[in-house]
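*Asks:* Following is a predicted model, sequence given first.
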Amino acid sequence: MSIDLRQGDCLEIMSGMDDSSIDLIVTDPPYKVTSRGGYTSAGGMMLDSAMRSGKVFKENSLKIRDWLPVLYDKLKESGHCYIMCNNKNLADFLAAVTDSEFHLVKTMVWAKNNKIMSQAYMSQTEFILFLRKGRFVRINDCGSSDLIHADNPKSKLHPSEKPVELMEYLIKNSSQEGELVCDPFMGSGSTGVAAKNLNRRFIGIELDQVYFDIAQERISPSVSNSELGQLDIFGEQA
């Protein structure tokens, strides 16, 4: 197992990767949330002004059409790609996928098992776009549901932190042990923790230094120096 964590702009870093080098992409990109909504169960009362205006992160101006073609180029033929998305951005994301070379397999739903206050029905779901590149390869467990129940983390290290259980569900179904999983918007590192738990190689990229440090602490403590390093897909010494 090899783990490669990099702090910086994912478009710049991924440009140095070999094309068609990644087996699976699982990511939760930064996007605007519903204004006045939030990620707590307290109805937004504890949110700061940035969240109330619909902007959670320092850097969320990147558009899906900027990075989706890069993900396509770096993914192996017949590889799978999972992209998290909320209701506010679903139409835009689906339109971008339709205009891309990716094929939409289906839109899946994550049931958070908790409710978030809203002015129009309490929200407890998010969407997952399941994409493929080229020929379709079936998932490992064809009996899996496209409605995934996984508890939303209560003590969040990141505003939109995803449960490791959710990431394990996707990784387990769309990759094999030893294959390479990539998360170009790593956040606090849930995808990396899941990949490590399932004995997959992993490359994670995060722009924000604070969250990168959190991800590194979560993913790397039990990883030996021989496992934590640079993957050879960058043309560097592994």
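*Replies:* Yep, that arrived. Bear in mind the structure is a predicted one, so any value in this text is a computation, not a measurement.
*Asks:* Point to the residue nearest the middle of the protein.
*Replies:* Thr27 (1.5 Å; CA atoms, centre = their mean).
*Asks:* So that residue versus Ser118, what's the distance?
*Replies:* Distance, Thr27 to Ser118, using CB to CB, to the nearest Å: 25 Å. For the C-beta atoms, the positions are set from N, CA and C on the backbone; glycine is no exception.
*Asks:* which secondary element of the protein has the worst mean pLDDT?
*Replies:* In the chain, the helix or strand scored least confidently by mean pLDDT, DSSP states H and E is helix 49-52, which has a mean of 42.
*Asks:* Please export the C-alpha coordinates of stretch 186-193 as PDB.
*Replies:* Coordinates of each C-alpha in stretch 186-193 appear next as PDB, following Å, rounded to 0.1, in the frame of the first residue of the first chain:
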ATOM      1  CA  MET A 186      -9.400  15.700   0.000                       C
ATOM      2  CA  GLY A 187     -10.600  18.000   2.700                       C
ATOM      3  CA  SER A 188     -10.100  16.300   6.100                       C
ATOM      4  CA  GLY A 189      -9.200  13.000   4.500                       C
ATOM      5  CA  SER A 190     -12.200  10.700   4.900                       C
ATOM      6  CA  THR A 191     -11.500   9.100   1.500                       C
ATOM      7  CA  GLY A 192      -7.900   8.500   2.400                       C
ATOM      8  CA  VAL A 193      -8.800   6.800   5.700                       C
END
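*Asks:* Quick one: mean pLDDT for that stretch?
*Replies:* What stretch 186-193 shows for mean pLDDT is 95.
*Asks:* just how off-centre is the top strand by length along the chain within its chain?
*Replies:* As assigned by DSSP state E, the longest strand anywhere in the chain is strand 103-116. Its chain's C-alpha centre and that of strand 103-116 lie 13 Å apart, by CA atoms, centre = their mean, to the nearest Å.
*Asks:* can you list contacts of that strand?
*Replies:* Defining contact as CB atoms under 8 Å, 6 or more residues apart in numbering, one finds that strand 103-116 is touched by 37-41, 43, 80, 82, 84, 90, 94, 97-98, 122-133, 136, 146-152, 166.
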